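J.: I would like to see how this sequence folds:
(chains A and B, ligands or ions: 2)
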Amino acid sequence: MLPLLVSQVSKTFHPSKRPVVEALKTVSIKIEQGKIHGLLGPNGAGKSTLIGMLSGMLLPDTGKIEIFGLDIVSDTLEAKKLIGVVPQEVTYEMAFTVREVLHYFSGMHGVPSHERNARIEAVLTDLDLLDKIDERAKHLSGGMKRRLMIAKALIHKPKFLILDEPTAGVDVALRQKIWQLVRRLNQEGMTILFTTHYLEEAEQLCDEITLINHGQVVREGNLKDMQTEFAQNSIHFELFDINVPHLAEVKSIGVEFEYPLTDLGPDMHALTSHYTGNIKSIKSGAASLETIFLELTR
Amino acid sequence: MTYMWALYAREVKRFQKIWMDTVFSPIVSTILFLSVFGIVAGGQEIGGLPYVLFIYVGLLSMNIVNSSFSNPAFALVIGKNTGTIVDLQLAPLRPWSIGVAYALAALTRALLTIGLAVLVTGWFIPELGINNPFLLLLAFSLTALEFGMLGVTFGMWAKGFESLTFMTTFVMQPMIFLAGVFYPIANLPAPWDTVSAFNPLHHNINLLRYAVTGYSDGNPMISLVVVAALAALVFVAMHLSTKKKMRAL
Ligand SMILES: Nc1ncnc2c1ncn2[C@@H]1O[C@H](COP(=O)(O)OP(=O)(O)OP(=O)(O)O)[C@@H](O)[C@H]1O
Ligand SMILES: [Mg+2]
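T.: Ligands and ions are numbered 1, 2, ... in the order given. This is a model prediction of the structure:
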């Protein structure tokens, strides 16, 4: 049974007095058991809209979503019990302490009262938040609030974890910690879907990625395959001074430049002799995810 | 306490945390109303019932209605503003059970508020007794649940605090004032007596007053049927609104 099977899902928003937004157009995604799957795409691509539908917060207009074989629309309750979701927007708890937030939220997911305290302490330890357990949630820093959201998603031990930008606004050290936690949960058997705008994060963690743009899947699959495919036909290089006359075949992609690869030796020679002394880095190896991303979402 | 009961416990905890607002201020307003009307009305009777007792039960009923409506309505709108409403969307809860959890919390708050209010102010009213305890419990619960679920329904649709304030000022308040809280509706000039008879809230107040004092504006059993029917109707509206809104926010 696949943790996630999305087939031909579309969603259009009809905001009052504003033009309609086709947020997703017939998107299909499949995630296998035990994988870490990255959902990437520029701002407004439709990632959060898709996650909203996977987690039962939004109804798809067309198509079908199955969580471990359970239809999220007709078997909502059973499907929701299997997933943990970290929404993109950080919520603001007016009155409750960290412990209370987790106590009630876990109860709403069916965790019995007598198990809650132990679980709360365990999950807060994992997220390095145990010392804040009796603090008012609204007094936490931004990064701590984000961790509390992750704690909420984990408290009922879901089999499939969905994270919408879990590391946004989180410092470097903590980001590493979250990565470690994600890896550990994955090794323990949890399937994970996450979105991020930090491409090196996706490179580090993901087994597979789906790249969406303007509500459509533009590429999906194994990151390694994508990298070799993109590396096969180009050389990537950076320059110290970019305001120089360029060779006709050179394309600019973000901070990098790309040169079509036909024969490595002569090509390298052509580049080094044209940009003498100006080349900061050059490689014909695997393209970075950033390059692939920019290329595909142009 | 799992699933909807955890939500119920959370909502009870929420109003306990701000008990000055939720529990204490209705008590103060009851005392204020009561002292003013007690002084003005001193000694008058309505159908053999001391006016001060008539109005006392009316005021307490008004409190049940007001606090039951606003507790869930405001909690939901606050949830929309702070983003915590997603907790309801993510939890494996049926739409009706979300509404019932909120309505039961509203009932709990009403029981606590009214219990305390009676404890504090009851001894001003020597004639106070309970005519029919079973009916009182039924009428109390039905009223608090009906308006609690109405509060959930409005909380689901309300976009912000403005729409809730509009609702309380232009719908709830006029309904309360035409419901026979302060006087029997038969005493009203036409057409307000007829309008009041069709005011659903009139039946809640009448039934509660009958259960406490034995005095009724019209047949109390009609009021019971109307109150029960409305509670059932509001339950359906609440379920459908919650189902629609929890999947589209
Ligand atoms: N409730 C809504 N009403 C109207 N339009 C919406 C709504 N939610 C999302 N949209 C629109 O749908 C599109 C996709 O938005 P979405 O939030 O899914 O993007 P995203 O990929 O998550 O972007 P980001 O990386 O910025 O989080 C955007 O154009 C957005 O404006
Ligand atoms: Mg998003």
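
J.: Low-confidence ranges, chain A, go.
T.: A:231-232, A:285-287 (pLDDT under 70).

J.: Next one: the residue nearest in space to the middle of it from chain B, what distance?
T.: For chain A, the residue nearest the mean C-alpha position is A:Thr195 (1.5 Å; C-alpha atoms, centre = their mean). The spacing between A:Thr195 and chain B, counted by C-beta to the nearest C-beta, to the nearest Å, is 16 Å. Yep, even glycine has a C-beta here, placed from its N, CA and C like the rest.

J.: ok, now which ones touch that residue?
T.: By C-beta atoms under 8 Å, 6 or more residues apart in numbering or on different chains, the contact set of A:Thr195 is A:38-41, A:47-48, A:51, A:88, A:163-165.

J.: Please repeat the previous calculation with a cut-off of 10 Å.
T.: With contact set as C-beta atoms under 10 Å, 6 or more residues apart in numbering or on different chains, A:Thr195 has these partners: A:37-41, A:45, A:47-48, A:50-51, A:86, A:88, A:162-166, A:168, A:202, A:210, A:212.

J.: which non-adjacent residue is nearest the residue in the stretch 51-200 of chain A positioned nearest to ligand 2?
T.: Taking C-beta to the ion as the measure, the stretch 51-200 of chain A has A:Gln88 as its residue closest to ligand 2, at 4.6 Å. Leaving aside its sequence neighbours, A:Gln88 sits nearest to A:Asp164 (C-beta to C-beta, 6 or more residues apart in numbering or on different chains; 4.0 Å).

J.: what do you get for B:Tyr102?
T.: B:Pro72 (3.9 Å).

J.: how deep is that neighbour tucked in, by neighbour count?
T.: 30 (other C-beta atoms under 10 Å in any protein chain shown).

J.: Same check on A:Met53?
T.: A:Met53: 25 neighbours (other C-beta under 10 Å).

J.: Please list all residues in contact with the nearest residue to it once chain neighbours are set aside.
T.: Once flanking residues are discounted, A:Met53 sits nearest to A:Pro60: 5.0 Å by C-beta to C-beta, 6+ apart. Remark: with contacts taken as C-beta under 10 Å, 6+ apart, A:Pro60 is in contact with A:6, A:8-11, A:24, A:27, A:49-50, A:52-54, A:72-73.

J.: Could you pick out which of the contacts of A:Thr195 are located in helices?
T.: In this view, the contacts of A:Thr195 that belong to helices under DSSP state H are A:47-48, A:50-51, A:202.

J.: among those, which are in reach of ligand 1?
T.: With C-beta under 6 Å from any ligand atom as the criterion, the ones in helices among the contacts of A:Thr195 include A:47-48 near ligand 1.

J.: is ligand 1 contacted by the longest helix along chain B?
T.: Longest helix of chain B, by residue count under DSSP H: helix B:51-82. No: Helix B:51-82 stays clear of ligand 1 (C-beta under 6 Å from any ligand atom), getting no nearer than 12.6 Å.

J.: List the buried residues for that helix?
T.: Residues B:51-80 are the ones in helix B:51-82 that count as buried (16 or more other C-beta atoms under 10 Å in any protein chain shown).

J.: doesn't B:Ala211 fall inside a strand?
T.: No: applying DSSP: H, G, I helix; E, B strand; the rest coil, one finds B:Ala211 to be helix, outside a strand.

J.: where does it land on pLDDT?
T.: As predicted, B:Ala211 sits at a pLDDT of 94.

J.: do the same with the one 10 residues further on
T.: With respect to pLDDT, B:Met221 has a value of 93.

J.: check which helix or strand covers it.
T.: Element membership for B:Met221, per DSSP states H and E: helix B:220-246.
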